[in-house]
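Asks: predicted model, plus sequence, below.
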Amino acid sequence: MEGSRIVRVVLAAALGVPLLACPALLRAGDPSGAAGEARSAAPANDAPLDDAVARLGVLATRGPRQCQEKWEPTVRYLSATIPGHTFTLRPLAYDEVGPATARGELDFVLTNPSLYVELERLHGAVRIATLQNLHEGKPYSVYAAAVFRRSDREDLRGLADLRGKTLMAVEEWSLGGWQMAWREMKDRGIDPYRDLARLEFADTHDAVVHAVRDGVVDAGVVRADVLPRMAAENKIRPEDYRVLDPREGADAPLPFPCSTRAYPEWPLAKTRATSDELARKVAIALLEMPSDAPAAQAAGIAGWGIPRNYQPVHECLKSLQIGPYADVGKVTFTAAVRQYWPWLAGFAMALIATAGVSAYVVRLNRRLGQAVVRYQSESAERARAEEGLRRSEQLRATSEKLAAVGRLAAGVAHEINNPLTGVLTFGHLLAERPNLTDQDRRDLDVVIRETTRAGDIVRNLLDFARERPVERRPVAIHDVIRRAVRLLHGQKAFGRIALVERFAESLPEVEGDENQLQQVVLNLLLNACAAMPRGGTLAVGTAARDGNVLVTVADTGTGIKPEYIPRIFEPFFTTQEIGKGTGLGLSVSYGIVQQHGGTIEVESTEGKGTTFTILLPGKSTSA
């Protein structure tokens with residue numbers, strides 16, 4: 001008796017109950033004590049009218065009537081054991097437990113572990129005791145599930161063999177009747193909702209067993225203790241069934257075959273509004289319930305134990321992404337804002353700043369557009385007054401633009417040319433060293449090649465920017481064209497191009513700089529070759545018109561997009577790939593032709609080819 005007293009003192013300490021507040025614990029073993037008086041008290045229905053009502057909700061897995069028969073004795077036991085309180089029983093369907101708890105209609109809830117986890121997470125329920133099941137006279141506070149088949153179905157040896165088969169479970173919300181087995185199948189890479197031929201639910205464990213027995217389905221899922229219980233009741237023969245992938249050794253805490261991990265039994269939980277003092281009294285009363293008490297016998301249990309750890313149930317539901325973990329891994333807008341609000345705030349500020357800059361740029365563009373409209377309007381008026389004057393103004397504007405860009409280019413080129421010369425010089429010096437590795441030589445070759453290319457670009461800039469006086473002398477344009485063509489014969493791309501010459505028999509000479517005119521023709525020929533990477537026809541022709549000399553360079557290449565044609569003579573504008581052109585060739589050509597008192601025009605059809613026409617004053621005209 002003294003040992004029992006010590007156990008009760010430890011229990012009170014674990015539950016946080018002051019010993020003086022529970023004299024029944026101090027008088028343990030005393031038949032005349034408070035506990036004995038409570039057990040001999042009147043039934044709940046005869047309780048005083050001023051007793052507080054404590055409402056117990058129970059998940060009625062087999063209907064309200066069976067729930068009343070099974071748990072009404074426990075309600076009467078609590079009413080008799082805890083003075084001043086009358087306990088009532090409320091059987092609940094699965095979809096009624098959560099709403100009833102949320103509305104504050106229950107003080108205590110007895111439900112399966114997976115639904116308890118949801119109540120705990122969403123509504124603040126707290127477990128105070130765990131049911132202890134009874135099997136062959138021994139208590140067990142954990143349970144598992146069994147996936148089973150008929151003994152004559154040798155084609156089903158494990159869970160992996162369920163693919164393409166039919167399966168019946170109890171309920172989708174049942175932990176022992178479905179969810180435990182679902183987790184095991186998922187761990188083996190089986191999606192029962194996709195990989196099975198058919199998945200059904202039968203509402204009761206007995207119905208699942210009968211369906212497997214009658215061959216309605218290939219396999220079934222029930223609580224692991226159902227098969228031995230039905231065998232003990234002579235409802236089935238145990239040798240007619242086999243459990244798939246039975247657990248062994250330390251993984252088998254139960255005395256009968258199981259296919260899944262073990263999980264804690266049903267918990268009794270207090271709801272958020274229930275006082276801790278009442279919860280302690282209920283917990284103590286249940287823990288003191290002997291296994292031979294009428295309440296325990298009616299429920300078919302060994303009694304109650306201290307609350308177990310339900311983290312394995314959390315992990316099961318989290319793995320299946322059901323219940324309170326249905327949205328695990330899903331990012332909601334609210335959660336994203338809560339987690340990333342500093343980044344979102346920074347992004348919003350950056351967006352606002354960008355919008356401000358964009359608005360400023362739009363205003364500038366609008367003003368620029370208005371200025372362009374005014375300029376075009378004035379140009380149109382001048383054009384209507386005198387077409388020749390309008391053309392002169394356009395040429396003057398283009399010249400000024402080229403001159404401005406030329407001055408800018410000259411400044412940039414001079415600043416870059418000196419360091420490039422130094423890099424190229426030291427590159428050549430390093431390349432002459434005898435102790436260089438092959439990799440070093442390859443690297444230096446890259447440096448020298450790219451520095452030389454950069455130097456060429458700088459020289460083009462200087463040529464573009466330099467306003468040389470035209471050294472005028474009589475020039476035979478045919479000789480200029482032939483020399484330019486000979487320079488291209490060494491080009492690899494020129495080998496796939498058919499050259500056609502259409503020269504006029506009698507053509508006046510041109511007063512001009514022979515080298516500059518050759519540069520113009522060479523630029524046009526190079527552009528034509530670049531426009532025909534797979535080959536084509538390059539036609540060069542000359543003609544005389546009103547004392548002037550016409551030079552045409554036509555290709556059958558890719559052509560120029562219509563929107564690009566107005567810009568092709570602009571400095572640095574190019575339609576070639578990056579690294580294959582500087583965009584200065586046509587600008588330089590335009591300037592040279594203009595210095596010679598001529599014009600250069602272009603006609604192009606995208607996909608068919610391009611024709612450049614140069615008009616130069618003949619010697620007699622320019623004289």
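Replies: Everything's here; your move.

Asks: can we go C-alpha only for contacts and neighbour counts from here?
Replies: Fine.

Asks: what residue ranges in the chain score low on pLDDT?
Replies: In the predicted model of the chain, residues 1-50, 328-333, 335-336, 387-415, 453, 456-470, 490-493, 572-573, 575-584, 620-623 satisfy pLDDT under 70.

Asks: output the contacting helices and strands for the helix of greatest length in it.
Replies: In the chain, with assignment by DSSP state H, the single longest helix is helix 333-385. Counting by 3 or more CA pairs under 8 Å, 6 or more residues apart in numbering; DSSP states H and E, the packing neighbours recorded for helix 333-385 are helix 387-431.

Asks: burial measure for R366, as a count.
Replies: 12 (other CA atoms under 10 Å).

Asks: and it, how far is that from T354?
Replies: Relative to T354, R366 is positioned 18 Å away (CA to CA, to the nearest Å).

Asks: same question for A129.
Replies: The separation that A129 has from T354, given CA to CA, amounts to 61 Å.

Asks: neighbour-wise, which of the two wins?
Replies: Using other CA under 10 Å as the criterion, A129 and T354 rank with A129 on top: 24 against 12.

Asks: helix/strand/coil for that one?
Replies: Assigned by DSSP: H, G, I helix; E, B strand; the rest coil, the conformation of A129 is strand.

Asks: who does it bridge with?
Replies: L268 (DSSP bridges).

Asks: endpoints of stretch 529-546, how far apart?
Replies: For stretch 529-546, the separation between the terminal residues is 31 Å (CA to CA).

Asks: which positions within that stretch qualify as buried?
Replies: Neighbour counts using 16 or more other CA atoms under 10 Å place 529-532, 535-544 of stretch 529-546 among the buried residues.

Asks: from those residues, which land in strands?
Replies: Among the buried residues of stretch 529-546, the ones falling in strands (DSSP state E) are 536-544.

Asks: tabulate those residues in a markdown table, adding columns for distance to R473.
Replies: Formatted as a markdown table, those follow (distance: CA to CA, whole Å):
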| residue | distance to R473 |
| --- | --- |
| G536 | 35 |
| T537 | 33 |
| L538 | 29 |
| A539 | 27 |
| V540 | 23 |
| G541 | 22 |
| T542 | 20 |
| A543 | 20 |
| A544 | 19 |
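
Asks: pull the most distant pair out of those.
Replies: Using CA to CA, those span at most 26.8 Å, a distance reached by G536 and A544.

Asks: give me the element N523 is part of.
Replies: Element membership of N523 [criterion: DSSP states H and E] is helix 514-530.

Asks: list the contacts of G63.
Replies: 91, 93 (CA atoms under 8 Å, 6 or more residues apart in numbering).

Asks: what's the local residue count around G591?
Replies: 22.

Asks: what comes up buried for stretch 55-63?
Replies: 55-61.

Asks: span of that stretch from start to end?
Replies: Taking CA to CA, stretch 55-63 runs 19 Å from one end to the other.

Asks: would JSON lines of the buried residues of stretch 529-546 with distance to S291 be doable?
Replies: Below are the buried residues of stretch 529-546 laid out as JSON lines (distance: CA to CA, whole Å):
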{"residue": "C529", "distance to S291": "101"}
{"residue": "A530", "distance to S291": "98"}
{"residue": "A531", "distance to S291": "98"}
{"residue": "M532", "distance to S291": "98"}
{"residue": "G535", "distance to S291": "100"}
{"residue": "G536", "distance to S291": "102"}
{"residue": "T537", "distance to S291": "106"}
{"residue": "L538", "distance to S291": "107"}
{"residue": "A539", "distance to S291": "110"}
{"residue": "V540", "distance to S291": "113"}
{"residue": "G541", "distance to S291": "116"}
{"residue": "T542", "distance to S291": "119"}
{"residue": "A543", "distance to S291": "121"}
{"residue": "A544", "distance to S291": "124"}
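
Asks: other residues contacting the helix holding N523?
Replies: The contact list for helix 514-530 (CA under 8 Å, 6+ apart) reads 473, 475, 480-481, 483-485, 488, 493-494, 497, 538, 553-555, 557, 585-586, 588-589, 592-593, 610, 612.

Asks: return the set of buried residues in it.
Replies: 514, 516-530.

Asks: do stretch 419-435 as well
Replies: 424, 427, 431.

Asks: and P562, which of the three is it?
Replies: P562 ends up coil, using three-state DSSP.

Asks: residues in contact with it?
Replies: 604-606.

Asks: rerun at 10 Å
Replies: Each residue near P562 by CA atoms under 10 Å, 6 or more residues apart in numbering is listed here: 603-606.

Asks: against G57, how distant is the nearest residue to D191 once chain neighbours are set aside?
Replies: Leaving aside its sequence neighbours, D191 sits nearest to M185 (CA to CA, 6 or more residues apart in numbering; 7.0 Å). Distance, M185 to G57, by CA to CA: 32 Å.

Asks: V97 now?
Replies: 8 Å.

Asks: cool, and P434?
Replies: 94 Å.

Asks: can you check L616 too?
Replies: L616 is 105 Å from G57, by CA to CA.

Asks: is it true that Q297 touches K70?
Replies: Yes. Using CA atoms under 10 Å, Q297 is in contact with K70, at 8.8 Å.

Asks: part of a helix, is H478?
Replies: Yes. Applying three-state DSSP, one finds H478 inside a helix.

Asks: quick one: the nearest residue to it once chain neighbours are set aside and V551, what's the gap?
Replies: Excluding its sequence neighbours, the residue lying closest to H478 (CA to CA, 6+ apart) is F503, at 7.6 Å. Remark: distance between F503 and V551 (CA to CA) = 9 Å.

Asks: A296 now?
Replies: Distance from A296 to V551, by CA to CA: 114 Å.

Asks: sorry, back to before: now the common contact residues for V97 and G57.
Replies: 91, 105-106, 109-111.
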